[in-house]
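Novice: Build the 3D model from these lines:
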Amino acid sequence: MLRQALLAVSRSERAERLVSTSPLTKDVVRRYVADDVGAVVSELTRGGLLVSVDHLGEEVTDRAQAEGAVHAYLDLLGRIPEGADVSVKLTALGLRLSEQTALDNAATICERAALRGITVTLDAEEHDTIPGLHSVHAMLRKEHPGVGVVVQAYLPDAHERCARLAELDGARVRLCKGAYTAAGAYTSTSDIDRSFVRCLRELMAGAAYPMVATHDPRLVEIASTLAALHGRDPSSYEHQMLYGVRPDEQRRLAALGCRMRVYVPYGSDWYPYLMRRLAERPRNLAFFLRSLLGRR
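Specialist: Down below sits the predicted model:
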């Protein structure tokens, strides 16, 4: 119930105004959302960490807004290093307007990213956008085989999707638990974790490139164990964690020789992102409230 409440709050304009205008909020937000994305990316990469950068924003309502999102990503590509990744939400590129609009805009970003040696990953959103996400991904892979896609373990068809993607040589698949709700989806932590592990088994046994997006110590260990069991080289998969969450663990994994990528969000539209992170892991709510009160 807390998860659903937080997701509802993430869509509340009144709650957004209340939180966004609080004088206590700014410093807390900066812990999880990059204020100066160039400086943050430079610091992380100097520390041996990889990055995936997300320009926050979604659910555009017209083509001009979608074009604005494209231009923001093209500008970003000039400010991050080779080997970086950008995470793109298709609703920011016009998916709600038409699948073709999102495809054309994503292709523009992929083309420029390829020239810079940067990869692109299509982020997962609300459950009703998932068919469009995988349709656009399949079409983009014809010209841009390196484009990645996200699978959310809370959805009951996650295992089936991972099984199909695992057959594609080098397909970049980011597996996460998911931060939304859907009818018929897994809701208990144990069910989502079991789904996550089933998906991991498929990806680690297949030809894809798994991107294991979790902070859960147990799942991180299971991922490493499955990789070893399937004889995977450390360069054939990676761990991913959010900026500001378990930074010591991020550095530890990198020091062990693991590919460790940090998901770095930036931009003014941070409120929905932060609320979904709390919904994904409600126990973080207490930490967030303590931070607002200055008791970190």
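Novice: Now do the strands in the stretch 1-150 of the chain.
Specialist: Counting by DSSP state E, counting those that start in this stretch, one finds strands in the stretch 1-150 of the chain at the ranges 50-55, 85-89, 119-123, 148-152.
Novice: Nearest to Cys258, out of these?
Specialist: Nearest to Cys258, of all the strands of the stretch 1-150 of the chain, is strand 50-55, at 10.2 Å by CB to CB. Where you see a C-beta, it was placed from the backbone N, CA and C, and this is true even at glycine.
Novice: contact partners of that closest one?
Specialist: The contact list for strand 50-55, computed with CB atoms under 8 Å, 6 or more residues apart in numbering, reads 34, 37, 41, 44-45, 69, 72-73, 76, 80, 83-89, 92, 121, 123, 238, 240, 259-267, 273.
Novice: how about a cut-off of 6 Å?
Specialist: Strand 50-55 is contacted by residues 41, 44, 72-73, 76, 80, 84-87, 261-265, 267 when judged by CB atoms under 6 Å, 6 or more residues apart in numbering.
Novice: Could you check how far Ala183 is from Phe196?
Specialist: Noted for Ala183: a distance of 20 Å to Phe196, by CB to CB, to the nearest Å.
Novice: Pick out whichever of those two has more residues nearby.
Specialist: Between Ala183 and Phe196, counted using other CB atoms under 10 Å, Phe196 has the larger neighbour count: 29 against 5.
Novice: Quick check: the more buried one touching Ala153?
Specialist: Yes. Using CB atoms under 6 Å, Phe196 is in contact with Ala153, at 4.0 Å.
Novice: Number of residues surrounding the residue nearest to Glu99 when sequence neighbours are not counted?
Specialist: Spatial nearest neighbour of Glu99, excluding adjacent residues (CB to CB, 6 or more residues apart in numbering): Gly132 at 5.2 Å. Look at Gly132: counted by other CB under 10 Å, it has 18 neighbours.
Novice: ditto for the one 5 residues further on
Specialist: If you count neighbours by other CB under 10 Å, His137 ends up with 23.
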